[in-house]
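**Student:** no sequence on hand, only this structure:
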């Protein structure tokens, strides 16, 4: 909260978890190198299963021409954010699309889908974030969407890229979650205000150095806070980052 | 060591086949699948399982009622994702909590 004289105070009751970049799990399948903030595949850490409804945050690099062959999913909201290169998407709903940096892709797996994701470029790697969020209802009809983000107009401000609302900015999912991206020059600040009481906020720094309240984060660090109403963000250097606000209570 | 026996229930046959293959890939686990609540009830009546993995399409309330009727107390894990990503964690968490 901001006091009347402009000093920023944050609750001493704030609860937090810090995931430094070099403490993430990793998998090297040759064609795929994956750095995993939470337990995934063969990486299991009982202290890192999820942050509320945020279940998967994989930082993936796929070699040129390679990719994930046809494979199934159900009951999960799956968001892909390309950082470099182009991904070729095909799914059992008949969608065929290319997604590239500056875009976001979402799938509600619901009752079940098959999909494949390949690096479109035969030579250069594709880098992307693979994010899974627990849905707030099971067995919904599967759906796919992708949109282009408005990357040019949002320097030094937060851009909403995902919400629970079909008519709101960004893509939407079956969960009371809001994602924002930020690309800030050094010393720029912003106050992120919680969208829904009881949610937590997870920050992931794509590049540069970002201070969240008193916690400095570096490239690829993750930091979750909950029992808060807002968070003060300050760019310690030119930085790009992702903010994921998610419910902290999930039914497992 | 006795294998952990898991019955995975879900209506999507292809996904359940994948889940079954993934379960049986683990040398410490032994899996079966049921594609409907009726098939699940039949298998639960005739066999013993350590864990139920609940996939898409099977109603949890009906499953709880079924377990009550059969007087069975088996941990039920809601399975998410439909593939290999979360399977190890979902099962390992139950083992770590000493629920089986």
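**Tutor:** Thanks, I have the structure now. Computed from a prediction, not measured in an experiment: that's the story for all the values here.
**Student:** list the neighbouring strands of the helix or strand bottoming out on mean pLDDT in chain A plus their orientation.
**Tutor:** Lowest by mean pLDDT, DSSP states H and E among the helices and strands of chain A is strand A:67-73, with a mean of 93. Each strand paired with strand A:67-73, and its direction, by DSSP bridges: strand A:113-119 (antiparallel).
**Student:** how about the partner strand: buried residues?
**Tutor:** A:113, A:114, A:115, A:117, A:118, A:119 (16 or more other C-beta atoms under 10 Å in any protein chain shown). C-beta here means a position set from N, CA and C on the backbone, and glycine is covered the same way.
**Student:** so where's the chain shaky on pLDDT?
**Tutor:** In the absence of a named chain, chain A is used. For chain A, applying pLDDT under 70 flags the ranges A:1-14, A:151-154.
**Student:** meant chain B, my bad for not saying
**Tutor:** Judged by pLDDT under 70, no stretch of chain B qualifies at all.
**Student:** what's in contact with the least confident helix or strand of chain A?
**Tutor:** Contact with strand A:67-73 is made by A:31-32, A:62, A:87-88, A:90, A:107, A:109, A:112-119, B:12, B:14-15, B:18, B:81-83, as judged by C-beta atoms under 8 Å, 6 or more residues apart in numbering or on different chains.
**Student:** now the angle from the very next helix or strand once past it to strand A:113-119?
**Tutor:** Counting by DSSP states H and E, the next helix or strand C-terminal to strand A:67-73 is strand A:77-84. Angle of strand A:77-84 versus strand A:113-119, following axes from the mean of the first three to the mean of the last three C-alpha atoms, to 10 degrees, is 10 degrees.
**Student:** what lines up beside strand A:77-84 in the sheet?
**Tutor:** When DSSP bridges is applied, strand A:77-84 pairs with strand A:103-108 (antiparallel), strand A:126-133 (antiparallel).
**Student:** now whichever helix or strand comes after the last one: buried residues?
**Tutor:** This means strand A:126-133. Toward the C-terminal end, the helix or strand that comes next after strand A:126-133 (DSSP H and E) is strand A:143-148. Across strand A:143-148, burial judged by 16+ other C-beta under 10 Å covers A:143, A:144, A:145, A:146.
**Student:** list the buried residues of the least confident helix or strand of chain A.
**Tutor:** A:67, A:68, A:71, A:72, A:73.
**Student:** what about it, distance to the chain center?
**Tutor:** Here strand A:67-73 is found 20 Å from its chain centre; the criterion is C-alpha atoms, centre = their mean, to the nearest Å.
**Student:** go on, stretch B:16-35?
**Tutor:** 9 Å.
**Student:** now check it, is it near chain A?
**Tutor:** Yes. Contact between stretch B:16-35 and chain A, assessed by C-beta under 8 Å from any C-beta of the partner chain, occurs at residue B:18.
**Student:** what lies in contact with that stretch?
**Tutor:** Under C-beta under 8 Å, 6+ apart, the answer for stretch B:16-35 is A:71-72, B:1, B:3-11, B:13, B:40, B:42-43, B:47, B:49, B:53, B:55, B:79, B:82-84, B:87-88, B:91.
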